[in-house]
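Student: Fold the following and give me the result.
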Amino acid sequence: MTYQVPTTAQDSASPRKPRGLRRLLGRQRNVSVIALKDISLVVNRGESVGIIGRNGSGKSTLMKLINGRVPPTAGAVYASSRPTLLGVSAALVPDLSGHENIVLGCLAMGMTRAEIDRKYEDIVSVSGLAESIGLPMRTYSSGMAARLQFAIATAVDTEILLIDEALNTGDDQFKDRTKAKMDELREKAGCVFLVSHSLDTIREMCSRVLWLDDGEIIMDGDPVEVIKWYRTFTKYLSAGDRVLALKTRRRMINNLKVPAVLARESGRRSSA
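Tutor: Predicted coordinates:
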């Protein structure tokens, strides 16, 4: 995935121009930013996939491509049904109560009033906001709003659920409820993708983890193993040791490529 974005930076190869003209021309110049590089993966029914990485690694871009909100620059995404994207930026109406937001949110997702009535108590229970459900949304904290949004979004039976930074707030009881809800979704339907900076949340709620960095998949596998190496990588970066950080990154990429090469060679031998 490559974006064309504007920049005011000047091309050093360009002839120098009067200052005012350079500033004006700088606003018109676009540069290519590669958000994702040759990402290739298969996710099966019943999997809960965590996506981790530093800011700017391409996590949210990958979610948007899977969701279909933006088309990839090259390649394609194939899904058994339309994925549902849940993000904390989804609109809620501040002047309406939590109860009214539940009704409007569910109607917007295509549910009937009968379906809303049937699932209303479950939505409130998942959100943990029974005592505040009649209050205006403007009185809610950001964590409370995120919890209500999660509860509304997961009320619809969906085969593929994408959760982008929506589970990082809330107490232990809310985390237990969200994990139970995600387990229920996987059992009923298909799979869940979860982007989060909370490594503990990823480890507890996911059966598989992707580590993205600079638009590449660095590791793909068991949550405990992937998180261990990611923490080693970030520890070196925090200590200012970029040499060891890059060595760790390179080692993980090489380990990821070896099984793919062996699989291709095995396929050639079997076809021969």
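
Student: So residue 194 belongs to a strand, correct?
Tutor: Yes: inclusion of residue 194 in a strand is indicated when DSSP: H, G, I helix; E, B strand; the rest coil is applied.

Student: Tell me the bridge partners for it.
Tutor: Here residue 194 sits in beta bridges with residue 50, residue 163, as judged by DSSP bridges.

Student: Contacts only, for it.
Tutor: Shown in contact with residue 194 (C-beta atoms under 8 Å, 6 or more residues apart in numbering): 48-51, 163, 167, 182, 201-202, 205-206. For glycine as for every other residue, the C-beta is placed from the backbone atoms N, C-alpha and C.

Student: Please tell me how far it sits from residue 147.
Tutor: To residue 147, residue 194 is 15 Å away according to C-beta to C-beta, to the nearest Å.

Student: picking up where we left off before, quick one, which of the contacts of residue 194 has the minimum pLDDT?
Tutor: Across the contacts of residue 194, the smallest pLDDT goes to residue 167, namely 56.

Student: any idea where the strands of the stretch 1-150 of the chain begin and end?
Tutor: 2-6, 30-34, 48-52, 84-87 (DSSP state E, counting those that start in this stretch).

Student: follow-up on the earlier one: ok, the contacts of residue 194 vs residue 218, which is closest?
Tutor: Checking the contacts of residue 194 against residue 218 by C-beta to C-beta gives residue 51 as the nearest, at 11.5 Å.

Student: Would you mind confirming that the closest one makes contact with residue 210?
Tutor: Yes: using C-beta atoms under 8 Å, residue 51 is in contact with residue 210, at 4.9 Å.

Student: re the thing from before, so which of the contacts of residue 194 is the closest to residue 135?
Tutor: So of those, ranked by how close each gets to residue 135 (C-beta to C-beta), first place is residue 167, at 22.6 Å.

Student: Can you report how many residues neighbour residue 37?
Tutor: For residue 37, the count of nearby residues is 13 (other C-beta atoms under 10 Å).

Student: right, and it touches residue 216 too?
Tutor: Yes: under the criterion of C-beta under 8 Å, residue 37 makes contact with residue 216 at 5.2 Å.

Student: how does the protein divide up, domain by domain?
Tutor: 1-34, 45-83+159-168+187-265, 86-157 (automatic domain parsing).

Student: Need the mean per-residue confidence for the first one.
Tutor: In this model, domain 1-34 has a mean pLDDT of 68.

Student: mind pulling up the phi and psi values for residue 40?
Tutor: phi -140, psi 120 (degrees, to the nearest 10).

Student: How many neighbouring residues does it have?
Tutor: Neighbours of residue 40 under the rule other C-beta under 10 Å: 7.

Student: Pull the contacting residues for residue 34.
Tutor: Counting by C-beta under 8 Å, 6+ apart, residue 34 touches 1-2, 215.

Student: let's go with 7 Å and repeat that
Tutor: 2, 215 (C-beta atoms under 7 Å, 6 or more residues apart in numbering).

Student: who does it bridge with?
Tutor: Going by DSSP bridges, residue 34 is paired in beta bridges with residue 2.

Student: From residue 144, how far out is it?
Tutor: If you go by C-beta to C-beta, the gap between residue 34 and residue 144 works out to 38 Å.

Student: coming back round to it: could you identify which of the strands of the stretch 1-150 of the chain is most buried?
Tutor: By mean neighbour count, with neighbours taken as mean count of other C-beta atoms under 10 Å, strand 48-52 ranks first of the strands of the stretch 1-150 of the chain at a mean of 25.

Student: Excluding its own residues, what touches stretch 77-85? List them.
Tutor: 63, 65-68, 153, 156, 158-162, 164, 190.

Student: what's around residue 92, how many residues?
Tutor: Neighbours of residue 92 using other C-beta under 10 Å come to 17.

Student: where's it relative to residue 60, distance?
Tutor: 20 Å.

Student: now do residue 246
Tutor: On the measure of C-beta to C-beta, residue 246 and residue 60 end up 24 Å apart.

Student: ok, now residue 159?
Tutor: 21 Å.

Student: Repeat that for residue 237.
Tutor: In terms of C-beta to C-beta, residue 237 sits 21 Å off from residue 60.
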